[in-house]
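Engineer: Next comes the sequence, and after it the predicted model I'd like to discuss.
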Amino acid sequence: MIIQLTSSIQSSQKDSIVSKVTSLGYKSTEVNTQLGSYLIAIGKKEFDIRQIGFMPGIADIHQVSDEYKLVSRKWKVDQTQVDLGDGVFIGGGSLAIMAGPCSIETEKQVELTLTHLKKSGVKIMRGGVFKPRSSPYAFRGLGVDGLKMWHQLAKAAGIKIISEVMQVSQIAEMDDYVDVFQVGARNTQNFNLLDELGKVDKPVMIKRGISGTLEELLSSAEYVFSGGNEKLILCERGIRTYEKASRNTMDINAIPILKEKSHLPVVADPSHGIGIREYVEPVALAAVMAGADGIIYETHQKPEEAYSDAQQTLDFSESERLIRKMKEAFALRDSW
């Protein structure tokens, strides 16, 4: 059960509500976010919510049976729209496109990518400065210095930044230089990291775990929301299965299912979902038609020279074509 509290609630009123909820056999946890205050009440005994609905300080009450309460669509019918500032949004009826290299490599690379994105009308650039790599000998990113360089150039170009945070200690040093924190597939159940991201007033995109279920993804988002951060985005990026023909198995089914289960925006990552350059475009278009609120993919001026993920990265001409086709597909979907 979710009890929404009024913004003007007094301490004595809150104490009375907690006391009443406890007397009904429920344990309550208070959650305060950038956008509201809630009591999450957990218990097995059913009761008529009208018993407490009249109490001063209560704005609304919702019965939510899901283990993940705050990210569930059972209490919030309207989709959440995440505001990145300067008129850039994810969710709420638009298609957000996020593109860029797997890794930030050089200043020249960033400049070329920003020019490409501006030409195509893309407002968000993706890129990694801390890279989780399977091999300890692979390129692992430029770190904070690379992020600062990237941020300076992107800000001048009027383009937002999304980048992966890998550990708690990186949050503070990245906070001034990113517009969206990305939680990668390997960290989806790093609960210490999720707890700390609940304390920041900045959007967080959580990718589905390598072999994670949709319920596990939603539960990870619940950690961040319950920690105080409502600015959340879900990302389907494919899962590991027994199929070896592609890097991962892109779960297009997940997009409409997540949108039915949760009010959070859902983004698709076809680059990691398929892992093969020539198939990124059809998978991205399928994700758009399945209802995705955004697409995040990899592009590089010379993919064959990219420090990482070259096999799934589009060159700029391929990227330009994909952007055009995604906009056309979204317009068709929107007309329905």
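Structural biologist: Sure thing, it's come through.

Engineer: Pull out the buried residues from the host helix or strand of residue 334.
Structural biologist: Residue 334 belongs to helix 316-335 when assigned by DSSP states H and E. Residues 316, 318-320, 322-323, 326, 329-330 are the ones in helix 316-335 that count as buried (16 or more other C-beta atoms under 10 Å). (Each C-beta comes from the backbone N, C-alpha and C, glycine too.)

Engineer: Dump these into TSV; add distance to residue 246 as well.
Structural biologist: Formatted as TSV, these follow (distance: C-beta to C-beta, whole Å):
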residue	distance to residue 246
316	24
318	18
319	20
320	24
322	18
323	23
326	20
329	21
330	24
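
Engineer: Show me where this structure has its helices.
Structural biologist: 11-23, 50-53, 107-120, 143-157, 168-174, 191-197, 214-226, 254-261, 270-274, 277-289, 316-335 (DSSP state H).

Engineer: how many degrees apart are the longest one and helix 277-289 in direction?
Structural biologist: Spelled out, it's helix 316-335. 20 degrees (axes from the mean of the first three to the mean of the last three C-alpha atoms, to 10 degrees).

Engineer: So residue 14 sits against residue 5, correct?
Structural biologist: Yes. In terms of C-beta atoms under 8 Å, residue 14 counts as a neighbour of residue 5; the distance is 6.8 Å.

Engineer: What lies in contact with the helix holding residue 334?
Structural biologist: With C-beta atoms under 8 Å, 6 or more residues apart in numbering as the test, helix 316-335 has contacts from 93, 95, 97, 99, 112, 116, 119-122, 277, 280-281, 284-285, 288-289, 291, 295, 297, 299, 301, 314.

Engineer: List buried residues within those residues.
Structural biologist: Neighbour-count burial (16+ other C-beta under 10 Å) applied to the contacts of helix 316-335 gives 95, 97, 99, 112, 116, 120, 122, 277, 280-281, 284-285, 288-289, 291, 295, 297, 299, 301, 314.

Engineer: need the least confident one among the helices of the chain, by mean pLDDT.
Structural biologist: For the helices of the chain, the weakest mean pLDDT is recorded on helix 50-53, namely a mean of 88.

Engineer: Next, the buried residues of it.
Structural biologist: Residues residue 52 are the ones in helix 50-53 that count as buried (16+ other C-beta under 10 Å).

Engineer: Next: stretch 96-109.
Structural biologist: Buried residues in stretch 96-109 (16+ other C-beta under 10 Å): 96-105, 109.

Engineer: got the end-to-end distance for it?
Structural biologist: Terminal residues of stretch 96-109 are spaced 22 Å apart (C-alpha to C-alpha, to the nearest Å).

Engineer: Same question for stretch 232-251.
Structural biologist: End-to-end distance (C-alpha to C-alpha), stretch 232-251: 20 Å.

Engineer: List the buried residues of it.
Structural biologist: Those would be 232-239, 246-248, 250-251, for stretch 232-251 by 16+ other C-beta under 10 Å.

Engineer: so how far is residue 250 from residue 282?
Structural biologist: Remark: distance between residue 282 and residue 250 (C-beta to C-beta, to the nearest Å) = 10 Å.

Engineer: re earlier: so for residue 14 and residue 5, which residues contact both of them?
Structural biologist: Common contact partners of residue 14 and residue 5 (C-beta under 8 Å, 6+ apart): residue 57.

Engineer: quick one on the thing from earlier: the helix holding residue 334 versus helix 107-120: what angle between them?
Structural biologist: Counting by the same axes, to 10 degrees, helix 316-335 lies at 40 degrees to helix 107-120.

Engineer: domain ranges for this structure?
Structural biologist: Following automatic domain parsing, one finds the domains of the chain at 2-62, 82-335.

Engineer: how far is the longest one from where the chain is centred?
Structural biologist: Here domain 82-335 is found 8 Å from its chain centre; the criterion is C-alpha atoms, centre = their mean, to the nearest Å.

Engineer: swap in the shortest one?
Structural biologist: Using C-alpha atoms, centre = their mean, the mean C-alpha position of domain 2-62 is found 28 Å from that of the whole chain.

Engineer: Format the CA atom coordinates belonging to stretch 172-188 as CSV.
Structural biologist: Output of stretch 172-188 as CSV, limited to C-alpha atoms (Å, rounded to 0.1, in the frame of the first residue of the first chain):
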residue,chain,number,x,y,z
ALA,A,172,30.3,12.6,-6.3
GLU,A,173,33.1,13.1,-8.8
MET,A,174,30.8,12.6,-11.8
ASP,A,175,27.8,14.5,-10.5
ASP,A,176,28.7,17.9,-11.8
TYR,A,177,29.5,16.6,-15.3
VAL,A,178,26.7,14.2,-16.3
ASP,A,179,23.0,14.7,-17.0
VAL,A,180,22.0,11.1,-16.5
PHE,A,181,23.8,8.4,-14.5
GLN,A,182,23.7,5.0,-16.2
VAL,A,183,23.7,1.8,-14.2
GLY,A,184,25.2,-0.9,-16.4
ALA,A,185,24.0,-4.5,-16.7
ARG,A,186,26.8,-5.8,-14.4
ASN,A,187,25.7,-3.4,-11.6
THR,A,188,21.9,-3.7,-11.8
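
Engineer: Good, we can wrap up now.
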